[in-house]
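# Need a 3D model of the sequence below.
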Amino acid sequence: MAESVAAPPSSPPASSPPAPGGRRRSHVPTAPDALAPVRRPAGWDLLLVCLAVYIAAGVGRVHELFPVLRPLKPALLSTVLAIGLLLLQQTARRRITLLRSRTTTCLLALLLWGALSIPFALTGGVAFDYWMDFARAVVMYVVIAASVRSTRDVERLALVYFGITVVYTLIILSRFQLGPDNWRLGRLYYYDANDLATLIATAMPLGLYFALTYRRLVLRLLALIGLLVLVVTLIRSGSRGGFLAFLAVGAFILVGFTTVPARARIAGLVVILAVLSATASDKYWTQMQTIIHPHEDYNMTDETGRVKIWERGIGYMLGRPAFGVGMGNFQTAEGTLSPFARRGETGRGVRWGAAHNTFVQIGAELGVPGFLFFIGLIGSLFTALHRLTRRPARTGPAGKDRPRLAQSLMAALVGFVVGSFFLSLAYADILYTLAALVVGLAKVARIENAPAAQATPR
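Predicted coordinates for the structure are as follows:
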């Protein structure tokens, strides 16, 4: 028989080499994450560059500011390239399937209802044209939200949104001079003065985010200068709706911007208010006083004023509750369905005016279902942002900035909601670009806050 050999006693674990001074380090198990290299957020890539160009063209209308860019068709080119690049990158955090949310559901329902309303529109051709443009905005909402990979990506695109708004206002200030007979800006490139004021109200919270919290001093100074430019342009617009949007944003920053110290919030608003007070003319303040003296405003009494238009718009929605008058057909309804439309038969002029209220516009043009989908869209954005401010971040500095960025986007939405209450912006790129940034930020937070086994994209 073969002689059995006893197994040697198990060896003790190898001790760590002696530390300086003769002491031995005790063996402490190290967590795998402690030795893992810290991953830095990915930088700019071609897809993000295309999205930046799209925001510059869709929101900032850069091709209208600089006609030399028109032959290049930056909006169309960036849209096609961005869609193609996203379809080639359907892995990891850029999967379109990660965008399932109430916001996406409401937006797709709104798009579908707009398509169903085309056969019932007062003018089918106009409804189809508006629907096609709206479909492009919805597609780019999906592309933007799906393309962001981290909080830094959302920051980058928010910076483009703010920066191109500043560029637009600088060009406007340099090309449209005010005088004794024209104390406020009038018809501009694409946006009129009221639309521009609302755009400014949505961009200012993003500028304040970069001015108060960003890490690079140069960028913070540039953001502060950009904010001052926006304030001056807001004053020169002479828009009462823009002024109310500015007040709403300021109130939200003071009360609800809890991720920034109160001293910084107050200091930033004091500087902005000081610039506003120093640059606003007497005519500007006279115009703003009509807000608290509505009996002096034609909008309250005249049949072509906003209040009467809103009443008629609600009547269009109740008269055609299922599909409304059709996308883009509010003006047609004013000229054919309004109580004074018969004046045209007697040779008297009839004004085919806009809704001057985004919510009245969407209800009149898409009926009660469209109105509910739109309200659900706005409500879901605020709900998502509220959750982001409450949810603790599990990642590094970018994750810590996420609640602050979420509150900045919430302030921007407050500016849009208040400003658009006096404007027809139901299908504007302003809203759907902001919505894409919100949903993209929520997607990133959901992935990074999930357990490791679930957060790993396949």
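
# Neighbours of residue 184, how many?
Look at residue 184: counted by other Cβ atoms under 10 Å, it has 15 neighbours. C-beta coordinates here come from the backbone N, C-alpha and C atoms, glycine included.

# wait, it sits on residue 237?
Yes: the criterion here is Cβ atoms under 8 Å, and residue 184 meets it with residue 237 at 6.3 Å.

# Now do the shared contacts for the two.
Both residue 184 and residue 237 are in contact with residue 193, where contact means Cβ atoms under 8 Å, 6 or more residues apart in numbering.

# Enumerate the positions of the helix or strand containing residue 131 that are buried.
Using DSSP states H and E, the element containing residue 131 is helix 124-147. Residues of helix 124-147 classed as buried: 126-128, 130-131, 134, 136-138, 140-147 (neighbour count, 16 or more other Cβ atoms under 10 Å).

# And stretch 315-324, by the same measure?
Neighbour-count burial for stretch 315-324 [16+ other Cβ under 10 Å]: 316-317, 320, 323-324.

# cool, stretch 114-125 as well?
Within stretch 114-125, the residues scored as buried using 16+ other Cβ under 10 Å are 114, 117-118, 121-123.

# Secondary structure for the residues you listed - can I get that in a markdown table?
Below are those laid out as a markdown table (DSSP: H, G, I helix; E, B strand; the rest coil):
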| residue | secondary structure |
| --- | --- |
| 114 | helix |
| 117 | helix |
| 118 | helix |
| 121 | coil |
| 122 | coil |
| 123 | coil |
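
# Same list (these) but as TSV, adding distance to residue 191 and pLDDT.
Supplementary listing: the buried residues of stretch 114-125 in TSV, determined by distance: Cβ to Cβ, whole Å; pLDDT from 0 to 100:
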residue	distance to residue 191	pLDDT
114	23	96
117	27	95
118	27	96
121	26	95
122	26	93
123	25	94
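
# where do the helices sit along the stretch 251-400 of the chain?
Under the criterion DSSP state H, counting those that start in this stretch, the stretch 251-400 of the chain carries helices at the ranges 262-279, 282-289, 298-301, 306-319, 330-336, 358-390, 397-420.

# Out of those, flag the one nearest residue 77.
helix 397-420 (26.9 Å; Cβ to Cβ).

# I'd like the next helix or strand past that closest one.
With DSSP H and E, the next secondary element past helix 397-420 is helix 429-449.

# Off-centre distance for that following helix?
9 Å (Cα atoms, centre = their mean, to the nearest Å).

# now the angle between helix 124-147 and it, please.
30 degrees (axes from the mean of the first three to the mean of the last three Cα atoms, to 10 degrees).

# Give me the helices and strands touching helix 429-449, please.
For helix 429-449, the packing partners by 3 or more Cβ pairs under 8 Å, 6 or more residues apart in numbering; DSSP states H and E come out as helix 46-58, helix 102-117, helix 124-147, helix 151-175, helix 193-213, helix 358-390, helix 397-420, helix 452-455.

# is it true that residue 199 touches residue 430?
Yes: the criterion here is Cβ under 8 Å, and residue 199 meets it with residue 430 at 6.0 Å.

# Which one of the two is surrounded by more residues?
Counted by other Cβ under 10 Å, residue 199 and residue 430 do not tie: residue 199 has more neighbours, with 32 against 24.

# I'd like to know the average pLDDT value across stretch 54-66.
If you average the pLDDT over stretch 54-66, you get 92.

# CA atoms only: put it into PDB for me.
Extracted C-alpha coordinates of stretch 54-66, given in PDB (Å, rounded to 0.1, in the frame of the first residue of the first chain):
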ATOM      1  CA  TYR A  54     -29.500  71.900 -33.200                       C
ATOM      2  CA  ILE A  55     -30.200  73.900 -30.000                       C
ATOM      3  CA  ALA A  56     -28.400  76.900 -31.500                       C
ATOM      4  CA  ALA A  57     -30.600  76.700 -34.600                       C
ATOM      5  CA  GLY A  58     -33.900  75.600 -33.000                       C
ATOM      6  CA  VAL A  59     -33.800  77.900 -30.000                       C
ATOM      7  CA  GLY A  60     -31.300  80.500 -30.800                       C
ATOM      8  CA  ARG A  61     -32.200  80.800 -34.500                       C
ATOM      9  CA  VAL A  62     -28.500  81.300 -35.300                       C
ATOM     10  CA  HIS A  63     -29.100  80.800 -39.000                       C
ATOM     11  CA  GLU A  64     -31.400  83.800 -39.000                       C
ATOM     12  CA  LEU A  65     -28.900  85.900 -37.100                       C
ATOM     13  CA  PHE A  66     -26.100  85.100 -39.600                       C
END
